[in-house]
Each structure stands twice: as C-alpha cells, then as structure tokens.
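Novice: with the sequence up front, the predicted model follows.
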Amino acid sequence: MVSIPLLLMGCGGVGRQLLHHVISCRPLHSQQGVRLRVVGVCDSKSMVAIPDVLTSEFRDDFLLQLCKIKSNGSSLLDLDNIGECEVYSGEEIGRKVIDVAAALRDSSGLALVDCSASSETIGLLSQVVNLEGCVVLANKKPLTSSLENYDKLVSQPRRIRHESTVGAGLPVISTINRMLSSGDPIIRIIGSLSGTLGYVMSEVESGRPFSQVVSAAKTLGFTEPDPRDDLSGMDVARKALILARLLGHRLELDSIKVESLYPLEMGPGKMSLEDFLAKGLPSLDEDIQKRIKNASSNGNVLHYVCLIEESRCEVGLQEVAKDSALGRLKGSDNVLEIYSRCYSKQPLVIQGAGAGNDTTAAGVLADILDVQDLFRHSTSGA
Ligand SMILES: NC(=O)C1=CN([C@@H]2O[C@H](COP(=O)(O)OP(=O)(O)OC[C@H]3O[C@@H](n4cnc5c(N)ncnc54)[C@H](OP(=O)(O)O)[C@@H]3O)[C@@H](O)[C@H]2O)C=CC1
Ligand SMILES: N[C@@H](CC=O)C(=O)O
C-alpha cells in the first residue's frame, strides 16, 4: 500500500470538498493500493496536526466534524476532540509544516496541498519541495508572484501539480504539458477562463441584474473569496500568466493588459467587501446591461476573453460571434482553444465547468493521486 501523508492549507469551499472526496474515495483508493493519510489541516489562523505524523492520521469522523465546523464559520479550536491534536497558531504554523516535511523526508515524504487563496504560502511550498515533498495547488497566487519565486517553486517539476489553478478540474495544464513535451509548440491560446465571469455574462444576457448574479456566483462557490478578484480581471490574468509561463514566456503579472469591470474607487482597500456587495455592485448594473444589449444588437455576445500569443498576453471583455465556440458558452463553463503545429487550422478545444468546489477539489485529488509514485510503500499495510 502506498501511503501519502497530506497536510491541507485552507479549509474553505474547495478544501472541505477535497476532504469529502478523500473520504468518499477510500474504497476506490484502497483497490488502487493507495492510502491518503490526513496529518494536518490549517486555516488562516490555526493548524491542527496529528501528534505522530509518521504513522497516524486523523479519523474520518474527525475530518467530517472539522468540515462542519468550518462551514458554520467557527474556528478549528472549537473541534470536540481538540485535546487529541497538536494545535498551532501564527508563525508556529509555518515552522510546524516544515518540521512535518522534515520528519517525513526519510520515510514517505509530505504532500502539502494549498487550497488557500493566500499569497503567503509560497515560501512554505518551496521549502517542502526542497525537503523532497510534493505540493499540489488550487491556489494561483504562489505561481503568479515574481519570476524568481516561480522558478524556485517549479524547480522540481515532478514534485508540483496545479491542474486546478486553470479551468478548475478541466485537464488544461496536463494537456499543455503533454503537447509541449511531445515537441508540439503552442502558438496561440484564446478562451474564456473565468467560471464567474462566464456565468455572470450569460445570466445578465438572459435579463438578470449584474449585482444579483454576482452574489449568486459567490453562493455557488464560483467566485474568489472576494469576488472583486474575478470582476477586476485579476483572477483571469493569474490564469493567463500561469499558462503563458508554462509556454515559456518570461512574463510578470503587471505586464498583462487587464480590463476591470468596476472602477478603482470600489477596489479592496478603498471600499469594504460588504459595501461593495451592497452599494457598489448595484451601481454597475445599468452599464453592464447596456454593454451586453449593445453586443446583442450587433449579433454578438459579450465575453471576458483571455488571449496568449507570442509575448502578447491580455484579458478583457470582447464581443464574440454568437455561433463561435466562445459565443455558445453558457453558465460557468470555460473554453480554451489551443493552436499549435499539430492543431494549426482547427484548434484543440477543452470545454466544461471551470469553477465550483466539486470539480476544483476533484482536480486537486487527481493531482495528489498523480504524484503517488514519489511516495513509498508502507510496511504496515496501512
Ligand atoms: N472555487 C473555485 O471554483 C476555484 C477555486 N480555486 C482556488 O482555490 C482556492 C480556495 O478557494 P475557496 O475554497 O473557494 O476559498 P475560501 O475563501 O472558501 O477558503 C480559503 C481558505 O483558505 C484559508 N486561508 C487563508 N489564508 C491562509 C493561510 N495563510 N494559510 C492557510 N490557510 C489560509 C481560509 O481560512 P479561514 O477559514 O480562516 O478564512 C479558508 O479556510 C483559491 O485559491 C481559489 O482561487 C481554483 C479553481 C476554482
Ligand atoms: N473564481 C474562479 C474560480 C476558479 O479559478 C472562476 O470564477 O473561474
């Protein structure tokens, strides 16, 4: 049996769904000879860890209670059996993660899973890779910081997976990697890479107010923790940067041309999230409705489009023909058209749900299983 010790950073919508998937896939993984051992979970404030990370793991009933507590908005410290765990907070969390990775280095190695939306996890991720662990990310921020940090993080490509960072559970990164490693150079990628913006645009087109639809997208688990990350175009810009860097373009985030759907004075730091949702958003309803109607009267639909071509990388609203692959897109679906030497006239097209906790967590779980060969067989059979 291959034993993979997991430490999860972030138990929000995606992190909790991942824990549910891990538990419900136990019989399947057992047939496949794999055991996922959850040895630690942290949120923005605390971490709970099993005292003996070499051989023990959290019981599934404990993990389910943890999910319940976090979905009620409570703290990890409210867990019933907290006395059985080691508890860390503040800077102790980072130190403990490194201790765990170092302790597991000679036995099995650690899989550190980043389902946070924080830019502060990058140092830990790089250190775990250096300690012969593996890292799996749904979080885009560590991959979109400076090129220097990016180079360090991806220095051992076999130890990092981040399929869910672009297109949620869709096989985007793995497809691009396969094309590149077979010597099929990618010339152009064009697509719609935001589940939130795809959903918002198609719902507004069918007559619902922009403000109402953005709130619905948040409830459905499509948006980033602060939906302004989606509406500013920055979340799509991060995905574009991840793809561009994968293609070998040495770009920084600020070199991407990005169109925002709200004015600067409504941005984080200038307006609270509560005020943005209650007052800012409704004030944008009319303008977005007008732009969508305008596109419709030209026989087009408005979509938030990402284009990567040579060193050109830009994201923004575009009118696209109703009968094109992009124009036919509905709901939270993403679509990517990839042009390469092998796919020069007709692009390779990847389409499907591009946001949501279920599909994103499924992508993360598949990534964890994908690195199983780097983990050792446990002698105990557990
Ligand atoms: N939802 C989707 O469709 C998709 C999401 N993603 C990515 O997945 C990630 C998670 O998204 P989602 O679950 O919706 O976000 P949530 O806001 O629901 O959850 C984020 C979690 O991360 C925790 N957290 C914040 N900072 C830190 C930190 N420094 N260390 C450890 N944990 C931290 C939060 O803690 P606390 O509970 O204390 O606030 C929370 O538990 C994001 O990076 C997002 O971009 C990627 C593809 C699709
Ligand atoms: N907020 C993102 C979630 C996936 O990355 C989106 O809407 O696409």
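Specialist: In hand now; what should we look at? Ligands and ions are numbered 1, 2, ... in the order given.

Novice: for ligand 1, see how far away L143 is.
Specialist: Using CB to the nearest ligand atom, to the nearest Å, we find L143 at a distance of 10 Å from ligand 1. For glycine as for every other residue, the C-beta is placed from the backbone atoms N, C-alpha and C.

Novice: quick one: pLDDT of the nearest residue to that residue once chain neighbours are set aside?
Specialist: Across the structure, with CB to CB, 6 or more residues apart in numbering as the measure, the residue nearest L143 apart from its sequence neighbours is I242 (5.2 Å). Looking at I242, its pLDDT reads 98.

Novice: going forward can the numbers begin at 24, since that is how I track them
Specialist: All right, first residue 24 from here; so that's I265.

Novice: please see if the helix or strand hosting I265 touches ligand 1.
Specialist: According to DSSP states H and E, I265 maps onto helix 257-269. No - residues of helix 257-269 are not located near ligand 1 by CB under 6 Å from any ligand atom, the shortest gap being 6.7 Å.

Novice: show me which residues of the stretch 224-373 of the chain are close to ligand 1?
Specialist: 244-245, 247-248.

Novice: could you measure from the residue lying closest to L86 once chain neighbours are set aside over to ligand 2?
Specialist: Once its chain neighbours are removed from consideration, L86 has its nearest residue in L42; the separation is 5.0 Å (CB to CB, 6+ apart). Taken as CB to the nearest ligand atom, the spacing of L42 relative to ligand 2 amounts to 19 Å.

Novice: tell me how many other residues crowd E309.
Specialist: Using other CB atoms under 10 Å, E309 has 11 neighbouring residues.

Novice: circling back: list phi and psi for the residue nearest to L86.
Specialist: Dihedral angles phi and psi of L42 (degrees, to the nearest 10) take the values phi -60, psi -40.

Novice: again, but for K119
Specialist: With angles defined as degrees, to the nearest 10, K119 shows backbone torsions of phi -70, psi -40.

Novice: the residue nearest to it when sequence neighbours are not counted in helix, strand or coil?
Specialist: In space, K119 comes closest to Y111 once its chain neighbours are excluded; the distance is 4.8 Å by CB to CB, 6+ apart. The assignment at Y111 comes out as strand when based on DSSP: H, G, I helix; E, B strand; the rest coil.

Novice: just checking, Y111 touches D66?
Specialist: No - applying CB atoms under 8 Å as the test, Y111 and D66 come out as separate, 11.5 Å apart.

Novice: hey, what's the residue nearest to K119 bridged with?
Specialist: In this entry, Y111 is beta-bridged to M70, by DSSP bridges.

Novice: residue contacts, it?
Specialist: Residues touching Y111, when contacts are defined by CB atoms under 8 Å, 6 or more residues apart in numbering, comprise 65, 69-70, 72, 118-119.

Novice: mind listing what I116 touches?
Specialist: If you count contacts by CB under 8 Å, 6+ apart, I116 has them with 65, 69-70.

Novice: nearest to ligand 2, of those?
Specialist: The shortest separation between ligand 2 and any of the contacts of I116 is 21.0 Å, and it belongs to C65 (by CB to the nearest ligand atom).

Novice: beta partners of that closest one?
Specialist: Applying DSSP bridges to C65 gives these bridge partners: M32, M70.

Novice: follow-up on the earlier one: could you report the pLDDT at the residue nearest to K119?
Specialist: At Y111 the predicted local distance difference test score is 96.

Novice: quick one: it from ligand 2, how far?
Specialist: Distance of Y111 to ligand 2, computed by CB to the nearest ligand atom: 28 Å.

Novice: just L29 next, same as before
Specialist: If you go by CB to the nearest ligand atom, the gap between L29 and ligand 2 works out to 21 Å.

Novice: that residue sits in which helix or strand?
Specialist: With elements taken from DSSP H and E, the one containing L29 is strand 25-32.

Novice: and for that strand, what's in contact with it?
Specialist: Strand 25-32 is contacted by residues 38, 41-42, 45, 56-65, 72, 76, 80, 120, 123, 127, 131-139, 141, 144, 147, 391, 394-395, 398-401, 405 when judged by CB under 8 Å, 6+ apart.

Novice: mind running it again at 6 Å?
Specialist: Judged by CB atoms under 6 Å, 6 or more residues apart in numbering, the contacts made with strand 25-32 from elsewhere in the structure are 38, 57-65, 127, 131, 133-137, 139, 144, 395, 398, 400-401.

Novice: check stretch 283-292 too.
Specialist: Taking contacts as CB under 6 Å, 6+ apart, the residues outside stretch 283-292 that touch it are 251, 254-256, 299, 303, 307.

Novice: turn those residues into TSV, columns for pLDDT.
Specialist: Supplementary listing: the contacts of stretch 283-292 in TSV, determined by pLDDT from 0 to 100:
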residue	pLDDT
R251	98
L254	98
S255	98
G256	98
F299	97
G303	97
L307	97
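
Novice: most neighbours, which of these?
Specialist: Of all the contacts of stretch 283-292, the most densely surrounded is L254 (28 neighbours; neighbours counted as other CB under 10 Å).
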